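> can you look at this prediction? I've put the sequence above it.
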Amino acid sequence: MQQTTVLVLLASLAASASACARQQPQVLAPVRVASPEADAPASAANAATPYLRASDNEFFPTSRMDWPGPNAFRSANGAAGPGYWQQRADYTIAATLDTAAQTVSGTVRVRYTNNSPDTLRFVWLQLDQNLYRSGSEGSVLYPAESRWGVRGFQGGYDLRDVTVNGKPATPKLDDTRMRLDLDAPLRPKGGVATIAMAFSFRVPEHGSDRMGRDSTLYEIAQWYPRMAVYDDVRGWNTDPYLGQGEFYLEYGDIEYSVTAPAGYVIAGSGVLQNPQQVLTAAQRERLARAAKSQDVVQIITASESRPTPTPGTKTWRFRAENVRDVAWAGAPDFRWDAVSTGPIQGNRTGVLSQAYYSWPRAGAGWEHGAENGQWTIRLYSELVYPYPYPQATSVAGPVGGMEYPMFVMVHYAEEPQGAFGTIDHEHGHEWFPMIVGSNERRYAWMDEGFNTYINAFSNERRKANTPAADSVFAGYVANWRAARDAGLDVPLMTRPDNIDPRALGALGYRKPGAVLLTLRNHVVGRETFDAAFRDYTRRWAFKHPTPADFFRTVENAAGEDLSWFWRGFFYTNDVLDIGVGPVTASQRDGETYATVPLTKYTSIPFPVEMRLAFADGSTADVRLPVYVWAKGDRFDAMIPVKGPVTGVRLWPDPSVPDWNASNDAWGRPPAAGRLAPVTGGGLAAPTAAATP
Ligand SMILES: [Zn+2]
């Protein structure tokens with residue numbers, strides 16, 4: 001918490017210090033008076049806005065998933081427990097891009113290690129390309145022309161030669177899922193099974209905004225059969241791929257090769273293993289220079305990016321370590337820029353930020369793509385957790401914005417910094433969920449929400465001293481309000497596929513972003529929250545956290561039971577509305593007291609921050625702990641004052657998402673505070689290296 005549970009008169013007192021005030025101790029004990037027990041009347045506006053509780057929604061996940069009791073696997077303090085285990089999936093993939101047939105085909109071999117304490121008799125794999133099979137569940141649920149829709153495309157996997165440990169196996173296919181029975185049980189704590197198969201699929205032009213192609217440019221993801229996650233909270237995680245819900249994947253090392261027309265350049269997750277075979281001597285020399293340069297080096301210039309017909313094929317080999325996935329892109333007309341971040345926390349040699357963009361189709365904004373990525377990797381390494389991979393690639397294309405380990409796809413951009421926001425967001429996903437491997441298909445807020453939260457830090461710094469920096473938080477809340485006004489608001493715990501697509505940006509991204517900023521700035525306190533957020537990231541790097549692991553980490557750091565916060569903002573879709581009424585004065589033992597009546601109009605309690613105005617023009621700030629709401633929706637705060645209170649304003653720092661401003665002031669209130677950047681203070685100040 002920012003303050004302890006006593007009333008504190010803050011800095012403004014000094015400006016008007018009278019003899020009386022000087023004799024007052026800085027910390028004053030609250031004077032409790034009996035407050036009415038009856039529920040306060042709900043305002044008409046709030047009465048008309050019902051909110052959902054977990055029990056009102058039959059699709060709501062049951063609490064055993066979100067708040068399991070602490071056990072050997074997950075500790076009560078939010079860390080992984082002494083018995084924590086996790087499966088491992090190492091892949092070897094060889095694929096061919098056929099640009100005439102518009103197909104990707106190849107073979108995949110998975111070395112799957114069962115580290116669980118359970119004997120496994122079958123495994124589940126994810127077959128995301130089957131979204132494009134005629135009649136798939138996703139194609140039924142999402143309109144064909146929508147963002148996640150299949151646009152009438154018919155594709156899906158053609159699978160052959162499925163084997164387990166070298167013996168033919170018969171998979172059971174169910175839409176985007178495949179169950180594979182093992183002929184011999186996979187023993188616990190280290191048993192290994194090798195699963196192999198050949199696959200091919202037609203590449204959709206519109207791959208549900210997560211992959212696709214644009215003429216000769218191919219952006220390839222969800223492209224090989226991947227292991228489903230087996231974990232200690234649900235066993236096999238088999239939620240199908242429908243389009244809107246993203247992914248949940250095991251970690252391992254992935255070696256893959258892409259054979260493509262010889263005139264193509266392939267960009268991908270991981271590190272290129274055979275530059276001698278696929279790059280020119282000039283390109284290799286420029287790359288070596290870029291690895292040591294904090295100014296952008298052009299690896300393929302504009303004039304070199306013109307496609308030249310070249311017979312035959314080339315095979316590009318990549319290796320990615322400690323990743324949950326890989327993706328790649330290929331085109332015959334890429335420009336390619338690269339730049340080093342220079343030394344960053346935990347990485348003395350720096351990270352290579354790369355931008356690949358078809359020229360001139362991608363737009364001039366992409367000439368800043370490599371620098372945009374450099375900024376992002378530096379900043380989040382300083383603020384959150386050191387970027388652990390050697391490179392970070394951004395590719396321009398028809399996909400609006402999609403993230404994979406070390407590799408993101410971002411829309412074309414004409415404006416000079418037109419791609420920055422999306423490049424920053426997509427590379428922000430390298431922290432959530434690429435490093436911290438949560439279950440995106442269940443919890444958008446642990447992925448998009450955490451990312452949107454850290455994006456506020458980046459955008460406020462990038463746009464410092466401009467109106468854009470002042471409006472980041474306001475923008476988040478405005479988006480949340482729009483979704484609520486449209487009747488689309490649902491609890492943050494709602495699975496992404498059950499959120500109305502029109503409200504996904506508001507509820508999956510900006511509402512949790514605003515809620516986390518509120519938690520940091522008004523409940524836990526900046527330094528404490530920043531440290532807890534870093535702890536959570538470090539503790540769960542390359543692991544599978546659940547919501548409870550985050551909640552417990554924050555509660556342990558704050559020393560507070562924050563059930564009321566999680567319940568209000570995560571498990572219901574209610575909003576905050578606290579109001580202030582007419583202040584009265586009284587005398588007791590020769591002292592003057594102001595009685596400030598406060599009312600809570602919704603189900604969400606919150607610590608009260610207010611600024612009192614006095615007749616002499618001075619002000620005093622008061623903070624009340626959240627527990628003032630423990631006995632009801634009305635609280636009369638009795639505050640020792642130096643003279644009559646002439647006005648009150650709630651939330652002198654206005655970055656509190658109180659939904660109804662009309663009851664936040666009384667009398668002649670102090671001027672409303674200006675909404676300023678909200679990510680300052682705490683431990684999160686960027687170092688010089690991350691400052692422009
Ligand atoms: Zn995102």
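Arrived safely. Residues are numbered from 1 along each chain as shown.
> name all residues that make contact with residue 607.
Shown in contact with residue 607 (Cβ atoms under 8 Å, 6 or more residues apart in numbering): 1, 522, 523, 623, 624, 625, 626. C-beta here means a position set from N, CA and C on the backbone, and glycine is covered the same way.
> secondary structure added to those, as JSON lines?
Output for these, formatted as JSON lines (DSSP: H, G, I helix; E, B strand; the rest coil):
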{"residue": "1", "secondary structure": "coil"}
{"residue": "522", "secondary structure": "helix"}
{"residue": "523", "secondary structure": "helix"}
{"residue": "623", "secondary structure": "strand"}
{"residue": "624", "secondary structure": "strand"}
{"residue": "625", "secondary structure": "coil"}
{"residue": "626", "secondary structure": "helix"}
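> among these, which one has the lowest pLDDT?
For those, the least confident position by pLDDT is residue 1, scoring 31.
> end-to-end on stretch 204-212?
5 Å (Cα to Cα, to the nearest Å).
> now that stretch: average pLDDT?
93.
> ok, residues contacting it?
Contacts for stretch 204-212 (Cβ under 8 Å, 6+ apart): 131-132, 138, 147-151, 153, 155, 203, 213-214, 219-223, 243, 327, 397-400, 402, 409.
> list the contacts for residue 142?
Counting by Cβ under 8 Å, 6+ apart, residue 142 touches 148, 149, 150, 242, 243, 244, 501.
> burial count for the residue nearest to it when sequence neighbours are not counted?
In this structure, residue 142 finds its nearest non-sequential neighbour in residue 148, 4.3 Å apart by Cβ to Cβ, 6 or more residues apart in numbering. Around residue 148 there are 22 other residues, counting by other Cβ atoms under 10 Å.
> which element, helix or strand, includes residue 148?
Assessed by DSSP states H and E, residue 148 sits outside every helix and strand.
> repeat that for residue 551.
Counting by DSSP H and E, the element that carries residue 551 is helix 547-558.
> that helix packs against which elements?
Using 3 or more Cβ pairs under 8 Å, 6 or more residues apart in numbering; DSSP states H and E, the elements in contact with helix 547-558 are helix 526-539.
> of all the contacts of residue 142, which two lie farthest apart?
Largest separation among the contacts of residue 142 by Cβ to Cβ: 150 and 501, giving 14.2 Å.
> neighbour-wise, which of these two wins?
It is residue 150, of residue 150 and residue 501, that has more neighbours when counted by other Cβ under 10 Å, with 25 against 18.
> name the nearest residue to residue 75, sequence neighbours excluded.
Nearest residue to residue 75, sequence neighbours excluded (Cβ to Cβ, 6+ apart): residue 81, at 4.5 Å.
> what segments of the stretch 101-250 of the chain are helices?
Applying DSSP state H, counting those that start in this stretch to the stretch 101-250 of the chain gives helices spanning 137-141.
> can you list the weak-confidence ranges in it?
Residue ranges of the stretch 101-250 of the chain with pLDDT under 70: none are present.
> pull the number of nearby residues for residue 173.
Neighbours of residue 173 under the rule other Cβ under 10 Å: 15.
> next: residue 339.
Here the count is done by other Cβ under 10 Å, and residue 339 has 23 residues near it.
> also the one 4 residues further on?
Residue 343 has 14 neighbouring residues, counting by other Cβ under 10 Å.
> which residues sit in contact with the nearest residue to residue 121 once chain neighbours are set aside?
Once flanking residues are discounted, residue 121 sits nearest to residue 185: 5.4 Å by Cβ to Cβ, 6+ apart. Counting by Cβ under 8 Å, 6+ apart, residue 185 touches 119, 120, 121.
> now residue 287
For residue 287, the contact set (Cβ under 8 Å, 6+ apart) comprises 275, 279, 297, 299, 338, 352.
> check the gap between the third one and residue 290 for me.
Here the distance between residue 297 and residue 290 works out to 4 Å (Cβ to Cβ, to the nearest Å).
> then the first one?
Taking Cβ to Cβ as the measure, residue 275 and residue 290 are separated by 13 Å.
> compare these two (neighbour count), which wins?
Just comparing residue 275 and residue 290: by other Cβ under 10 Å the higher neighbour count belongs to residue 290, 23 against 15.
> checking my notes, residue 434 in a strand, right?
No: Residue 434: not assigned to a strand; according to three-state DSSP it is helix.
> my read: it touches residue 392, true?
No: using Cβ atoms under 8 Å, residue 434 makes no contact with residue 392, being 10.4 Å away.
> the more surrounded of these two?
Legend: neighbour count by other Cβ under 10 Å for residue 434 and residue 392, higher for residue 434 (29 against 25).
> look up phi and psi at the closest residue to that one other than its chain neighbours.
Take residue 434 and drop its neighbours on the chain: the residue closest to it by Cβ to Cβ, 6+ apart is residue 405, 4.8 Å away. Phi and psi for residue 405, reported as degrees, to the nearest 10, are phi -60, psi 120.
> surely residue 405 touches residue 430?
Yes: using Cβ under 8 Å, residue 405 is in contact with residue 430, at 7.2 Å.
> now do the shared contacts for these two.
Counting by Cβ under 8 Å, 6+ apart, the residues touching both residue 405 and residue 430 are residue 389.
> what about the helices in the stretch 301-450 of the chain?
Secondary structure of the stretch 301-450 of the chain (DSSP H, counting those that start in this stretch): helices at 369-383, 420-428, 448-462.
> helices or strands up against the last one?
Taking 3+ Cβ pairs under 8 Å, 6+ apart as contact, the helices and strands that helix 448-462 lies on are helix 369-383, helix 420-428, helix 467-470, helix 472-485, helix 511-518.
> of the contacts of residue 185, buried ones?
Burial by neighbour count, judged by 16 or more other Cβ atoms under 10 Å, picks out residue 120 from the contacts of residue 185.
> what's the per-residue pLDDT of the closest residue to residue 248 other than its chain neighbours here?
Among residues not flanking residue 248 along the chain, residue 439 sits closest, at 4.2 Å (Cβ to Cβ, 6+ apart). We have a pLDDT of 97 for residue 439.
> residue 518 contacts residue 654, correct?
No: Residue 518 lies out of contact with residue 654 (Cβ under 8 Å); the separation is 11.6 Å.
> ok so, going back, rank the helices and strands packed on helix 448-462 by mean pLDDT and give me the bottom one.
Per-stretch mean pLDDT for the helices and strands packed on helix 448-462 is lowest at helix 467-470 (a mean of 88).
> okay, it in PDB with CA atoms only?
Output of helix 467-470 as PDB, limited to C-alpha atoms (Å, rounded to 0.1, in the frame of the first residue of the first chain):
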ATOM      1  CA  PRO A 467      -0.100  15.600 -25.300                       C
ATOM      2  CA  ALA A 468       0.200  11.900 -26.500                       C
ATOM      3  CA  ALA A 469       2.200  11.100 -23.400                       C
ATOM      4  CA  ASP A 470      -0.400  12.700 -21.100                       C
END
